[in-house]
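S.K.: What follows is a predicted structure for the sequence shown.
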Amino acid sequence: VFSELLANCNVVCCTCIGAAASSLSKLGVFDVCVIDEAAMALEAACWLPILKARRLVLAGDHKQLPPTIKSDHAAQAGLSRTLFERLMDLYGDKVARMLSVQYRMNSMISDWASEAMYEGQLTAAEGVASRTLSDLPHVDATVLTDQSAMVFFDTAGCEMLEDADDADEYHGKASPVVKDQHRSQLEGVTVMSRSNRKEAELVAKYAASILQ
């Protein structure tokens, strides 16, 4: 029954890894393969659906979040370099088309990203360009919600220090045997994540005041 349903579908949605499913191999070659968030996908994973289609469309942004690579050795060996990024470097504007209008952010926010990463080509849609929090039905107009789309809190000197990274915190609580086992597992793995509880509490308090 499942195979019959797939055979009658005009569009099949799946993950890159899911494209290797045996049920899809029976459908033959697809007209086109579209990979969303391709700039965050490992190239090895992308080839699974690519080999099942005649044409390919990669949608993504190689200037935003890269794929998550936990092994420094694998990253240095090339796993962190995506197919999207490789094609951009090889062919650039010959194969790429930039979507220059964004529909999410106030222009005060998007203008920074535009100048910093997109050579000033990114613009805000008219409907969001001047939108602030006070435009939401449940938010009152105040200095913070109406006059600016961005608010910065300077936490210097407020004793809002970064907490230890996850690995250090884990090692501090684990037994000696578990610590040694965990350290051996982390060899070659970069732990970048850090947290700041007091800054998080400040942001949470500010957000709660807006939503009340």
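M.R.: Here it is on my side, so go on.
S.K.: C-alpha only now, for contacts and for neighbours.
M.R.: Will do.
S.K.: mind listing what the closest residue to M40 other than its chain neighbours touches?
M.R.: Nearest residue to M40 in three dimensions, chain neighbours excluded: P67, at 4.2 Å (Cα to Cα, 6 or more residues apart in numbering). By Cα atoms under 8 Å, 6 or more residues apart in numbering, the residues touching P67 are 39-42, 80, 82.
S.K.: Could you give the backbone dihedrals for P67?
M.R.: Here is the backbone geometry of P67 (degrees, to the nearest 10): phi -70, psi 150.
S.K.: Would you point out the most distant pair within the contacts of P67?
M.R.: Using Cα to Cα, the contacts of P67 reach their maximum pairwise distance at A39 and S80, which is 10.2 Å.
S.K.: so what sits against both of these two?
M.R.: Joint contacts of A39 and S80 (Cα under 8 Å, 6+ apart) are 66-67.
S.K.: what about these two, which has more around it?
M.R.: When A39 and S80 are compared for neighbours, A39 comes out ahead with 24 against 21, by other Cα atoms under 10 Å.
S.K.: measure the more buried one to Y206 for me?
M.R.: Remark: distance between A39 and Y206 (Cα to Cα, to the nearest Å) = 33 Å.
S.K.: Likewise for T123?
M.R.: 28 Å.
S.K.: Where do the strands of the protein begin and end?
M.R.: With DSSP state E, the ranges of strands along the chain come out as 30-35, 53-58, 101-102, 123-124.
S.K.: right, so those: which one is the most enclosed?
M.R.: Burial of the strands of the chain is given as mean neighbour count (mean count of other Cα atoms under 10 Å); strand 123-124 ranks first at a mean of 20.
S.K.: tally of neighbours for the closest residue in space to R131 that isn't next to it in sequence?
M.R.: Nearest non-adjacent residue to R131, counting by Cα to Cα, 6+ apart: N106, 5.7 Å away. Other residues within reach of N106, judged by other Cα under 10 Å, total 22.
S.K.: okay, now R97: neighbour count?
M.R.: R97: 9 neighbours (other Cα under 10 Å).
S.K.: and the residue nearest the centre of the chain, what does it touch?
M.R.: With distances taken as Cα atoms, centre = their mean, L65 lies nearest the centre of the chain, 4.5 Å away. Contact analysis of L65 by Cα under 8 Å, 6+ apart lists 39-40.
S.K.: how much space between K52 and G157?
M.R.: K52 is 57 Å from G157, by Cα to Cα.
S.K.: likewise L211?
M.R.: Taking Cα to Cα, one finds L211 at 28 Å from G157.
S.K.: Of those two, give the one with the bigger neighbour count.
M.R.: Using other Cα under 10 Å, the more surrounded residue of L211 and G157 is L211, with 11 against 7.
S.K.: Good, we can wrap up now.
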